[in-house]
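**Student:** only the shape, not the letters, is given here:
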């Protein structure tokens, strides 16, 4: 995988992870182009598209688009499930994750991604193992700090994970 | 899991993020950010030492600001300090900052590397993993130099924790990809292969990726991985859906690992060891069998994971290309997917079948699906799926189905998306050539291509048809006849004129016997197109004319007349002038024998690889998939190959198709970028202010795993996807027309070609042709300076209601115009209903840094859509009487501005567009004319009478039409001309 982008329906970038060296300018250009391309697609369209010499795999979850760029030889369907597994990890960690969780705890979203994918390859697919690594870190956290969480801003969330 | 507070909440950070989200405008956001940056800067510079928590909080804020899209130029030092904290969360944030904002400041890199080194040596697995993640995320050469030697050791050390091994494997992979020379091969490589046997599935998952990458460059060193991978795969494939516990994903055992193992095996040929091979074939069969079993879950995740393995298995089967049985099974499986209700599966099945089509074992099996694929091309709603269908048709084409496939692709071309037209044109051209049994079909196909998608037919394609016709005498007569017929169409593409000009010049004699295509008829047909063509085409036609003089001596006088005309002999274009002068002299000085020798039929073109195929390859880039293998696979494709020799007539002139290429490089002309306002809103993900984005709305609070995804509302974004007609800047965006604009416009009321505008920098020439309610205009922009014009952008604007009266479609021109160069712009014009004001042409560019802008009136007036009508005196007077209502008549008495010459007046009236009727007016000095103005919505009949009074040097002009404003407008336009 070359990079992964998370952006909202309004086109706001929520997370960006680059696995190939690119300049900031190039990153912004790619982001702009892709956000525009993906947002312009209609709901029933296929989740894959050719873009430059890459394949784009994307999926929408509520207000967020998850978008991955993979190479010619890579498997589209398994990439779609990489996205889903990442969403599941976020969901399990935050407990019914929503876009605000990712905005207010962006650093956690990055940490979870690093445990799951590294250098653009799947590192660990077991939900249990990924979350164990993150939970351990949380346990190490200093108790004296002010506990605070985004949820107090927004009251309770509208819907929960439905399987 | 309870929704408890996770992580180390940082109140200050949350408040800051919240503030940013509440900002009402971009300015407010920047103000808030600048305030925060000042605050952080002062904290970092302050005398008081910051505690770890504060440092972490501020670094985190900086990170947030950076991720919003702002530049951050400080804080690196504080982040590095956090790296050496022994509090995990502080270290973690420090690493995150470094990973995201790495800076090649050498001093800093040394400090960072030091911290990483300490963590790697710490024996604390969580710290080690953080350090490895950081190296993998940055992946720079400096990091490679520092750690590439250490990481293999960590990877294979007996006492490394599993999680450390996983991170080390992928970290090494990233470094190896970035700088393979830094990773020393050695004893560790053998031990890495054995990680495939590791008990921990996560370790295997990470290690396979590393091994796959390493074995591509050193296949022999890693050969042992084949049997290990096969046995691992076999264990997974045959395991029950619950055996692998947390590595089972929606009842599919270890899908990611399976896919990776299948990928690894694609680095090698089929296993040599019979036992290993047998076991592998068994695995592949099991996967194919499982595809037929009923699903264990209705979740899309289940079928996706299962099918991911299936598609990778099929890829491996295709890669081996040695098991006919498996290939045919794979093809049948894909055939089922072709009609699946999931768009994703249809897309992938089409894609995968493309590669199957190139295997001799499965080619026939793929062909059985032709009807389904043709249907997909016609009915799929998603352009990317249609594109795949077109690719597959191309890949499955052979002699048996070529006619069907080519005709379907031609039909598709009429409605195909602009973005893929050129590719389809190339493909059709290649297939038609490759599978032509009789070449008349080939000629028909190419002429059809030009007719349907002339703009997308590149030089290579029409050169090629000339080469083939020149090399095969059995098709020359047919080609001449067909192209002659094609040229008779009222509007034919310039490429058709080029092909026609060349073919008739070479082989026109083959049809000259038929009086309907006698030499003079051929010549006048070609010459009727001459004035509308670009310089390169006119140059080609001049060559055709001299060939005609040789082939048909009876045309000599006419053609010499044409060559002798001032417009040729003194043409400003050196190429045209030279040809006219030389050909004229050649035709008058040279004896028939010399002429015949010089202008002998062209020799056959040399046989070479088809240049079109090369072009398609270039277009697709390397690794373009099966369609390209096609050419390699089938040696018969070379049977009629010839190379591209640019025809002599186009060598020294700027190639007309260079323009086409330019168009192609730019986005397709019919789908211009969205109006800038909305575009920015959408594309600048960092800058859309709250005005455009009302907070996050309730949708932000939906848990986004909920599967009840509401369809996206039809938002302005959808508009951007549709190819909209050229987005004109509003009239308020352009300046008023220059003062001389009206005068310039008047010059063109009675003529269609000439120089519209000229100053020291720029010359604008016009050439136009109108037929019925349609017109085509060529604008030529010449840069008179020696400096390049930049951001050159001519646009056409419709002031007021004109938009509904006149449709003007423009093509984009290159943004740069070199000194001394000329660019051409084509305008397609359609008159929808009568109109009074002409469209405006706004030209902007930068010359030596200074912006220039210029607004002119485009010479499109209502009379351009005149169709002359001949009628007898009696009819004329009858109609004249019918239009006797006072508002139907407009009259003007005015003084002559020019000498009153009857011949000049006649020419002007004809140029104005009406027919001149002789013997109608009892006074022979008077002029009477009639015509119909053609618009899409209605037709307006017009009668006119012009009465000169030579003594008084005055005219009286009377117009009667069925529409009042038209009478007045025409009267005004025409009155200016005398």
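**Tutor:** Great, that's in hand. The model shown is predicted, which means the values in this text are computed figures rather than measured ones.
**Student:** tell me which helix or strand the residue most central in space within chain B sits in.
**Tutor:** Central residue of chain B (Cα atoms, centre = their mean): residue B:419, 4.3 Å from the mean position. If you go by DSSP states H and E, residue B:419 is part of helix B:418-434.
**Student:** then residue B:751?
**Tutor:** Using DSSP H and E, no helix or strand contains residue B:751.
**Student:** low-confidence stretches in the chain?
**Tutor:** Because you didn't say which chain, this covers chain A. Along chain A, segments meeting pLDDT under 70 span A:140-163.
**Student:** hmm, I had chain B in mind actually
**Tutor:** Along chain B, the model assigns pLDDT under 70 to residues B:1-9, B:103-106, B:607-611, B:618-733.
**Student:** rerun that using 50 as the cut-off
**Tutor:** B:1-7, B:621-698, B:707-732 (pLDDT under 50).
**Student:** how about the strands in chain A?
**Tutor:** In chain A, the segments counted as strands under DSSP state E are A:3-8, A:13-18, A:48-51, A:54-61, A:64-70, A:117-118, A:121-122.
**Student:** pipe those strands into JSON lines and attach mean neighbour count and distance to chain B per row.
**Tutor:** For every residue, glycine as well, the C-beta is placed using N, CA and C. Below are those laid out as JSON lines (neighbours: other Cβ atoms under 10 Å in any protein chain shown; distance: least, Cβ to the nearest Cβ, whole Å):
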{"stretch": "strand A:3-8", "mean neighbour count": "23", "distance to chain B": "6"}
{"stretch": "strand A:13-18", "mean neighbour count": "19", "distance to chain B": "4"}
{"stretch": "strand A:48-51", "mean neighbour count": "18", "distance to chain B": "5"}
{"stretch": "strand A:54-61", "mean neighbour count": "21", "distance to chain B": "4"}
{"stretch": "strand A:64-70", "mean neighbour count": "23", "distance to chain B": "5"}
{"stretch": "strand A:117-118", "mean neighbour count": "24", "distance to chain B": "4"}
{"stretch": "strand A:121-122", "mean neighbour count": "24", "distance to chain B": "4"}
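**Student:** could you export the ones you listed as CSV, including distance to residue B:881?
**Tutor:** Compiled in CSV, those are given as follows (distance: least, Cβ to Cβ, whole Å):
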stretch, distance to residue B:881
strand A:3-8, 71
strand A:13-18, 74
strand A:48-51, 67
strand A:54-61, 70
strand A:64-70, 71
strand A:117-118, 86
strand A:121-122, 88
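**Student:** indicate which one of these is closest to residue B:884.
**Tutor:** Nearest to residue B:884, of all the strands of chain A, is strand A:48-51, at 65.3 Å by Cβ to Cβ.
**Student:** paired strands for the closest one, with orientation please.
**Tutor:** When pairing is defined by DSSP bridges, strand A:48-51 lines up against strand A:54-61 (antiparallel).
**Student:** let me know the secondary structure of residue B:829.
**Tutor:** strand (DSSP: H, G, I helix; E, B strand; the rest coil).
**Student:** what about it, distance to residue B:303?
**Tutor:** Distance, residue B:829 to residue B:303, by Cβ to Cβ, to the nearest Å: 53 Å.
**Student:** same deal with residue A:19?
**Tutor:** Residue A:19 sits 28 Å away from residue B:303, going by Cβ to Cβ.
**Student:** circling back: quick one: is the helix holding residue B:419 near chain A?
**Tutor:** No - if you take Cβ under 8 Å from any Cβ of the partner chain as the test, helix B:418-434 misses chain A, and the best it gets is 10.4 Å.
**Student:** report the distance from that helix to the chain centre.
**Tutor:** Its chain's C-alpha centre and that of helix B:418-434 lie 14 Å apart, by Cα atoms, centre = their mean, to the nearest Å.
**Student:** for it, buried residues please.
**Tutor:** Going by neighbour count (16 or more other Cβ atoms under 10 Å in any protein chain shown), the buried part of helix B:418-434 is B:418, B:420-434.
**Student:** check stretch B:830-837 too.
**Tutor:** B:831-837.
**Student:** mind checking the end-to-end distance for that stretch?
**Tutor:** By Cα to Cα, to the nearest Å, the extent of stretch B:830-837 from end to end equals 15 Å.
**Student:** got the contact list for it?
**Tutor:** Identification of contacts with stretch B:830-837 by Cβ atoms under 8 Å, 6 or more residues apart in numbering or on different chains yields B:773-775, B:799-802, B:804-809, B:862, B:864-865, B:933-938, B:940, B:963, B:965-966, B:969.
**Student:** and the angle for the helix or strand hosting residue B:461 with helix B:418-434?
**Tutor:** In this assignment (DSSP H and E), residue B:461 forms part of helix B:459-471. Angle, helix B:459-471 to helix B:418-434, by axes from the mean of the first three to the mean of the last three Cα atoms, to 10 degrees: 20 degrees.
**Student:** and the next element down the chain from helix B:459-471?
**Tutor:** helix B:473-487.
**Student:** report all helices and strands that that next one contacts.
**Tutor:** With contacts taken as 3 or more Cβ pairs under 8 Å, 6 or more residues apart in numbering or on different chains; DSSP states H and E, helix B:473-487 sits against helix B:439-453, helix B:459-471, helix B:494-507, helix B:519-530.
**Student:** among the ones you listed, which is the most enclosed?
**Tutor:** The highest average neighbour count among those, using mean count of other Cβ atoms under 10 Å in any protein chain shown, belongs to helix B:494-507 at a mean of 26.
**Student:** ok so, going back, distance to chain A for the helices and strands packed on helix B:473-487 - can I get that in JSON lines?
**Tutor:** Formatted as JSON lines, these follow (distance: least, Cβ to the nearest Cβ, whole Å):
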{"stretch": "helix B:439-453", "distance to chain A": "21"}
{"stretch": "helix B:459-471", "distance to chain A": "22"}
{"stretch": "helix B:494-507", "distance to chain A": "28"}
{"stretch": "helix B:519-530", "distance to chain A": "39"}
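**Student:** output the ones you listed in JSON lines; the columns should cover distance to residue B:825.
**Tutor:** Below are these laid out as JSON lines (distance: least, Cβ to Cβ, whole Å):
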{"stretch": "helix B:439-453", "distance to residue B:825": "20"}
{"stretch": "helix B:459-471", "distance to residue B:825": "20"}
{"stretch": "helix B:494-507", "distance to residue B:825": "14"}
{"stretch": "helix B:519-530", "distance to residue B:825": "19"}
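**Student:** for residue A:105, which of those helices is the nearest?
**Tutor:** Closest approach to residue A:105 among those (Cβ to Cβ): helix B:439-453, 52.5 Å.
**Student:** list the contacts of the closest one.
**Tutor:** In contact with helix B:439-453 (Cβ under 8 Å, 6+ apart) are residues B:403, B:406, B:410, B:413-414, B:421, B:424-425, B:428-429, B:432-433, B:436, B:457, B:461-462, B:464-465, B:468-469, B:472, B:474-475, B:478-479, B:482-483, B:486, B:489, B:492-493, B:495-496, B:499.
**Student:** could you redo the last one with a cut-off of 6 Å?
**Tutor:** Contact with helix B:439-453 is made by B:406, B:410, B:413-414, B:421, B:425, B:428, B:432, B:436, B:457, B:465, B:472, B:475, B:478-479, B:482, B:486, B:493, B:495-496, as judged by Cβ atoms under 6 Å, 6 or more residues apart in numbering or on different chains.
**Student:** ok, and the closest non-adjacent residue to residue B:255?
**Tutor:** In space, and not counting its chain neighbours, residue B:255 is closest to residue B:305: 3.9 Å by Cβ to Cβ, 6 or more residues apart in numbering or on different chains.
**Student:** where does the one you found sit: helix, strand or coil?
**Tutor:** helix.
**Student:** I'd say residue B:56 and residue B:94 touch.
**Tutor:** No - in this structure residue B:56 lies outside contact range of residue B:94 using Cβ atoms under 6 Å: 7.8 Å.
**Student:** residues contacting residue B:978?
**Tutor:** Taking Cβ under 6 Å, 6+ apart as the test, what residue B:978 contacts is B:896, B:955.
**Student:** fine by me, thanks again.
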